[in-house]
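Undergrad: show me how the following folds:
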Amino acid sequence: MACPRFISLSVACCRFSWGPLLRLLLIGRRSAVRKARGWMGGLGVAAWVVAGMQSMPAAALDQPCPYGEAGTSQEAVILLYHRFGEDDVPSTNIRLAQFAEHLRLLREGGYRVLDLEQMIRAWIAGCPLPARSVAITVDDGYRSFARHGWPMLKAVGFPVTVFISTDAADQGGRRMMTWQEIRELVREGVKIGHHGAAHLHMIEAGTAAARADILRASARFRAKLGFVPKLFAYPYGEYDPELAAVVRGQGFLAALAQFSSVLGPGERRYWLPRFALNEHYGAPERVRLVLSAHAFPVAGVTPEDPVVAPRSNPPQLRVLFSRPLPGLARLGCYASHEGAIAVTVLEGGRGFSARPHLPMPPGRQRINCTLPHPGGGWYWFGRFFYVPGGRLD
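TA: Take a look at the predicted model:
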C-alpha cells in the first residue's frame, strides 16, 4: 500500500530512541551525557548510550501514575500550531474553520487531550498513557491565539501549552501578545513554555549564544510571570545534541522539536516530536491520519546528529527495532527534497535503512517513513535534518 500524499509531504522529522532493555539500564541515571559507540547485532546500526536519556522511576512523579492503568502504551500525538485566523500568513496559520474541525475530530473521536507537562512527566516515569492520548502546543505567542485559539479551546475544555519568545512579548506589536495578555491567559489556565528570547536559529548561533539567549529569557519569565517554565521548545524546531545538552543543563524537564513522529517509549527526552499543522497540512483527512498514528518500536537510530556534513550528504537513515515488524515490504519513506526514496529492510524485519538519491539542499530537511498498522492507522516515523548554509527565515 502506498503512503498517502498527506504523509509523504509532511512538514517535520527526527528521532533517536531506545528499546526496553536499554531504558531499564538507564532508569534513574542522572549523570552527564556520555557516548558509547557500538554495533548492535551486526546490523550496521550505531548504538549511542546516553545516561538519563528518558526513564526514571515512577516515584520521580512524587505521586502515583496520573492516569492509573487507563492505557497500556506510552504513545501520544503532540500537535503544534502557531497562528489562528491570520490568513495572510498561510505557512504558519490555521484557518478558524479548520481549527474548529480539528477540535470536533478530537472531541468526537474518543481522544484524550492531556496537559502536556503532566503527560511528559508520566511518560518519563514509564507510566501508561490513556489510549488515543493527544497534547496541544502553540509556539511564539501570537495575539491571534488569545483572540481566537484560546476561546475555542476553552469552550471544549482542552488544555494547551503556549511557548513564548520573551523578546516578542517585551516588544509587543500588532500581532504579538503582551505580558499583560500572557498573565491573563495564565490566570485562565493556559500553561506557558519557554521558547528562548530572540527566536534564534540556535544551530547557526552556536551553543554559547543559545545558552545566553535561554538565560536572558529565563530572567524575563521570572520577572514578568514569577516562574521559569519547565518545558522548552527549540525555535524553528532546530536542535542538535550539543544544544540538547545546553537545554538539559538549564534544568528543563524536557524539550520539544518540530518533526512528525509519535511520542513513544524510545523517544529522546530533549528533542520530542510534534506534528506541525498549518493551512496546507491542516485538511481534516490529514489530521485524521496524524491522530491515528502509532510509534514504531524503535530501539536505535543513526545518525543522532541531524546536522548534515558535506561528506555525508545525502545522509543514510538507519533504524533498528526492539522487535521484528511484519509487513515491512509495505514500508514507504519520503524525503522532503526528493519524494519517495529507496528502503532496505534489515534481516528478520528488525529495522530498515533509507537514503535519498540526491544531496539535501541547505536548510531544514526531513525524512518521513510510514507503514500500515495492523490495528488501523499508520506507524509514523520522522527525522529532521539540517544542512548549513541556507537562507535564515
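Undergrad: for stretch 356-370, buried residues please.
TA: The neighbour-count check on stretch 356-370 (16 or more other Cβ atoms under 10 Å) flags 356, 360, 363, 364, 365, 366, 367, 368, 369, 370 as buried. The C-beta positions use only the backbone N, C-alpha and C, and glycine is treated the same way.
Undergrad: what segments of the stretch 51-200 of the chain are helices?
TA: Along the stretch 51-200 of the chain, counting by DSSP state H, counting those that start in this stretch, helices occupy 96-108, 116-124, 143-144, 150-156, 166-171, 179-187.
Undergrad: can you tell me, leaving aside adjacent residues, what's nearest to the residue at minimal distance from the centre of the chain?
TA: Nearest to the mean C-alpha position of the chain, by Cα atoms, centre = their mean, lies residue 273 at 1.6 Å. Computed as Cβ to Cβ, 6 or more residues apart in numbering, the closest residue to residue 273 that is not its neighbour in sequence is residue 261, at 3.7 Å.
Undergrad: okay, now the one you found: neighbour count?
TA: 30 (other Cβ atoms under 10 Å).
Undergrad: do the same with the one 4 residues further on
TA: The burial count assigned to residue 265 is 21, neighbours taken as other Cβ under 10 Å.
Undergrad: in a strand, it, correct?
TA: No. Using DSSP: H, G, I helix; E, B strand; the rest coil, the secondary structure at residue 265 is coil, not a strand.
Undergrad: I figured it hits residue 295, correct?
TA: Yes. Here residue 265 lies in contact with residue 295, judged by Cβ atoms under 8 Å, at a distance of 7.3 Å.
Undergrad: measure residue 323 to residue 389 for me?
TA: Taking Cβ to Cβ, to the nearest Å as the measure, residue 323 falls 40 Å from residue 389.
Undergrad: now do the contacts for the closest residue to residue 369 other than its chain neighbours.
TA: Nearest residue to residue 369, sequence neighbours excluded (Cβ to Cβ, 6+ apart): residue 333, at 4.2 Å. Residue 333 makes contact with 317, 340, 341, 343, 352, 354, 367, 368, 369 under the criterion Cβ atoms under 8 Å, 6 or more residues apart in numbering.
Undergrad: how about a cut-off of 6 Å?
TA: Residue 333 makes contacts with 341, 343, 354, 369, as judged by Cβ atoms under 6 Å, 6 or more residues apart in numbering.
Undergrad: hmm, which helix or strand of the protein has the shakiest average pLDDT?
TA: For the chain, the helix or strand with the lowest mean confidence is helix 20-26, at a mean of 29 (criterion: mean pLDDT, DSSP states H and E).
Undergrad: so how far does stretch 268-277 reach from one end to the other?
TA: Start-to-end span of stretch 268-277 (Cα to Cα, to the nearest Å) is 22 Å.
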